[in-house]
Structure formats: C-alpha cells, structure tokens
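**Student:** Below is the sequence, then the predicted model.
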Amino acid sequence: MFTLKTLHRNKTVKYGVPMLLLVVGGSFGLREFTQIRYDAQKLRKKLDPSLEAKVDLQKQSVMLEEEYEKLKEVNLDEWRNIRGPRPWEDSKEYQDEQRRKLDKTD
C-alpha cells in the first residue's frame with residue numbers, strides 16, 4: 001500500500017508515463033492510418049491490363065538512337081522564344097498578335 005501511494009504522488013509516474021505512452025502509441029497508430037492511405041492510392045493507380053501492355057510496349061520501343069535522329073532533324077536556328085499570355089491578357093488575342101509579329105519578321 002505504501003509503494004502504491006508513493007508511486008501515485010510521483011510526478012514522473014503521474015505525468016511522464018502517460019505522455020510517453022501517448023507519443024509512442026500515437027506513432028504506431030499514425031503509421032497504420034498512413035499505410036491505409038498509401039494502399040488505397042496503389043489500388044487507384046492500377047491500369048487496365050490491356051492498356052498496361054500497350055504502355056509497356058511503348059516504353060520498350062523507344063530507342064535512344066531514334067530520338068537522337070529526330071532531334072538532329074529539328075532546326076534550332078530558326079527557333080523563337082515566345083512568352084505565354086499573362087493572366088490579365090486574353091490568350092487568343094495574344095497568340096494572334098505573336099503570330100503576326102513572327103510573320104512580319106520572316
């Protein structure tokens with residue numbers, strides 16, 4: 001009886017142990033909840049098997065040499081940097097204006 005009363009008065013036992021249990025137990029609980037989240041995302045990202053086969057074929061068919069040949073054919077000397085429209089500008093009008101400027105310079 002004496003030791004139980006002494007332990008009850010001790011601040012470490014009264015406040016420290018429950019806090020420690022809350023922190024350690026909370027980390028295990030959060031791990032379980034986040035694992036559920038990631039498992040649900042994996043299920044949502046799965047593709048249809050026929051579509052997945054097509055994607056795999058496209059990934060395998062891309063060769064570095066073929067892409068290099070495509071880039072060699074592109075004429076980079078005639079390339080012009082055109083900025084996009086600002087949020088307050090009408091994109092259609094701005095694109096038409098940029099095209100007219102390009103036509104005049106060429």
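**Tutor:** Right, received. Where do you want to start? Not measured: the values here are computed from a predicted model.

**Student:** got a list of what residue 87 touches?
**Tutor:** If you count contacts by CB atoms under 8 Å, 6 or more residues apart in numbering, residue 87 has none. Placement of C-beta: from N, CA and C, glycine included.

**Student:** Quick check: phi and psi at it.
**Tutor:** Dihedral pair for residue 87: phi -60, psi -30, per degrees, to the nearest 10.

**Student:** so where do the helices sit in the protein?
**Tutor:** For the chain, applying DSSP state H gives helices covering 2-9, 11, 17-45, 49-61, 64-73, 91-105.

**Student:** Could you tell me the per-residue confidence at the closest residue to residue 8 other than its chain neighbours?
**Tutor:** The shortest distance from residue 8 to any non-neighbouring residue, by CB to CB, 6 or more residues apart in numbering, is to residue 14 (6.9 Å). Looking at residue 14, its pLDDT is 86.

**Student:** could you give me the average pLDDT of stretch 35-51?
**Tutor:** Average pLDDT, stretch 35-51: 79.

**Student:** Which positions within it qualify as buried?
**Tutor:** Residues of stretch 35-51 classed as buried by neighbour count (16 or more other CB atoms under 10 Å): none.

**Student:** Also stretch 5-12?
**Tutor:** For stretch 5-12, the neighbour count (16+ other CB under 10 Å) marks no residue as buried.

**Student:** which other residues reach it?
**Tutor:** Contacts of stretch 5-12 (CB under 8 Å, 6+ apart): 13-14.

**Student:** That stretch: how far from the chain's middle?
**Tutor:** In terms of CA atoms, centre = their mean, to the nearest Å, the centre of stretch 5-12 is found 50 Å from the chain centre.

**Student:** Stretch 12-26 now?
**Tutor:** Using CA atoms, centre = their mean, the distance from the centre of stretch 12-26 to the centre of the chain it belongs to is 36 Å.
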